[in-house]
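J.: Here's a sequence, model it:
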Amino acid sequence: MTTIALLLFMPSQSMAKIENSKALTEKTEKVVSAEAQLIITRLEEIKAMDKSKMSSSEKKALRREVRSIKSNLAEMNGGVYLSVGAIIIIVLLLILLL
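T.: Residues are numbered from 1 along each chain as shown. As a prediction, the model looks like this:
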């Protein structure tokens, strides 16, 4: 009985969450800080570089820089991201406990 109720209510709740997340991403895309914009332009510059003439140490330094830039961007965005598998496990645990 509870599984039928869960199956009936889940799709409507998931659609609401998708619509809310779309609205949030649109708002966050509009409000991009100046620092984040500078970091993104640096990433684009690195992607546009001709790396074929660089030495291996220069390429390694660029890779480190890209990793640090990506981690900085992730810290700026914040938020908690859950994988689909984690969400399924959480739902199963809730079903078992309740």
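J.: okay, CA-based contacts and neighbour counts for the rest of this
T.: Noted.
J.: residues in contact with stretch 46-65?
T.: Applying CA atoms under 8 Å, 6 or more residues apart in numbering, stretch 46-65 has no contact partners.
J.: Let me see the contact set for I69.
T.: 39, 43 are the contacts of I69 under CA under 8 Å, 6+ apart.
J.: again, only this time at 7 Å
T.: Residues near I69 by CA atoms under 7 Å, 6 or more residues apart in numbering: I39.
J.: distance of it from S57?
T.: 18 Å (CA to CA, to the nearest Å).
J.: Report all helices and strands that the host helix or strand of I90 contacts.
T.: Following DSSP states H and E, one finds I90 within helix 84-97. Under the contact definition 3 or more CA pairs under 7 Å, 6 or more residues apart in numbering; DSSP states H and E, helix 84-97 sits against no other helix or strand.
J.: now that helix: mean pLDDT?
T.: In this model, helix 84-97 has a mean pLDDT of 90.
J.: remind me which residues of the chain are low pLDDT?
T.: For the chain, the stretches with pLDDT under 70 are 1-32, 78-80.
J.: now the helices: where do they sit in it?
T.: With helices called from DSSP state H, the chain shows them at 2-30, 34-48, 56-77, 84-97.
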